[in-house]
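# Can you look at this prediction? I've put the sequence above it.
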Amino acid sequence: MSLLPLPWHLLPYPLTVLHVRTTGPLRHADRVCEIAALRVEPDRPPRWLDSRVDPDADHLFTGVPGFQHLIPDLRSMLEGAVVLCHDAGSHAAFLDAELRRLGGAWGGATLCTHELARVLHPRMTAHDLDRLAPELGLPPVERRAFSRARATAGVLRALVERFEDDELLADLIRSAVRIPPSPTRWPPIVGSLVPAMPSRASRQQA
């Protein structure tokens with residue numbers, strides 16, 4: 001499924017679609033173990049980051065990078081973009097927790113497809129990504145982070161296209177963008193020490 005074209009006349013841009021997989025639900029105890037980010041904007045080809053993450057940053061014997069090794073690439077994907085997630089609060093919380101462990105903090109703008117779906121489809125019994133995507137006519141969602149990021153972008157496109165004749169939709173989307181009170185502080189890490197470990201999904205055309 002191609003992500004483009006998106007109805008940019010109704011959307012903020014650049015958009016970076018983000019999905020993190022974690023070792024558990026608790027941001028202070030659990031860690032990010034896989035991350036995918038897909039940056040899209042009008043008239044430019046998409047860019048992506050797709051990597052497994054070693055939660056134990058001190059051990060790199062498997063060749064899987066720790067979170068700190070992805071900071072340069074992740075910064076280029078997220079800086080200046082509205083970050084699109086399904087359940088943006090959870091993804092932003094884990095991103096913030098990982099950055100704080102390294103001396104930084106997350107404060108970027110976010111847009112949540114879960115929130116948009118609840119507003120636009122209030123009668124649906126469930127708005128989680130696995131059930132929402134098929135409801136909107138999208139393929140079943142795989143577990144890998146990159147697949148889930150692509151599905152999140154597909155959900156946004158399906159929601160917007162279904163309601164784009166509504167004159168209030170652009171205002172609704174703008175009002176759904178959340179901007180934290182403090183800006184992002186990136187940790188003082190220079191250079192990418194270990195290359196990202198792409199999944200097979202990243203080699204498919206975005």
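Alright, I've got the coordinates.
# Where does the prediction get shaky in the protein?
1-4, 57-62, 189-206 (pLDDT under 70).
# how about the strands in it?
All strands of the chain, identified by DSSP state E, fall at 15-22, 32-41, 44-52, 82-85, 110-112.
# got JSON lines for the ones you listed, with mean neighbour count too?
Just so you know, the C-beta spots here come from the backbone N, C-alpha and C atoms, and that holds for glycine as well. Below are those laid out as JSON lines (neighbours: other C-beta atoms under 10 Å):
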{"stretch": "strand 15-22", "mean neighbour count": "24"}
{"stretch": "strand 32-41", "mean neighbour count": "23"}
{"stretch": "strand 44-52", "mean neighbour count": "18"}
{"stretch": "strand 82-85", "mean neighbour count": "24"}
{"stretch": "strand 110-112", "mean neighbour count": "22"}
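# how about those in TSV, adding distance to Gln68?
Formatted as TSV, these follow (distance: least, C-beta to C-beta, whole Å):
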stretch	distance to Gln68
strand 15-22	15
strand 32-41	11
strand 44-52	13
strand 82-85	19
strand 110-112	22
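# Can you check which of those gets nearest to Arg148?
Proximity to Arg148 (C-beta to C-beta) singles out strand 15-22 among the strands of the chain, at 4.4 Å.
# Sheet partners, orientation included, of that closest one?
strand 32-41 (antiparallel), strand 82-85 (parallel) (DSSP bridges).
# Compute the distance between the residue nearest to Ser182 when sequence neighbours are not counted and Asp128, please.
Spatial nearest neighbour of Ser182, chain neighbours left out: Gly107 (4.7 Å); criterion: C-beta to C-beta, 6 or more residues apart in numbering. Counting by C-beta to C-beta, to the nearest Å, the gap between Gly107 and Asp128 amounts to 26 Å.
# go on, Glu167?
Separation of Glu167 from Asp128 (C-beta to C-beta): 29 Å.
# What segments of this protein are helices?
Secondary structure of the chain, counting by DSSP state H: helices at 71-78, 88-101, 113-120, 129-135, 145-163, 169-176.
# what's the last one in contact with?
Just to be clear, that refers to helix 169-176. Outside helix 169-176, the residues that touch it by C-beta atoms under 8 Å, 6 or more residues apart in numbering are His9, Leu10, Leu11, Pro12, Leu111, Cys112, Glu115, Leu116, Val119, Leu120, Val160, Phe163.
# Quick test: name the residue nearest the centre of the protein.
Leu18 (1.1 Å; C-alpha atoms, centre = their mean).
# In contact with that residue: list those residues for me.
Ile35, Ala36, Ala37, Leu78, Val83, Leu84, Cys85, His91, Leu95, Ala149.
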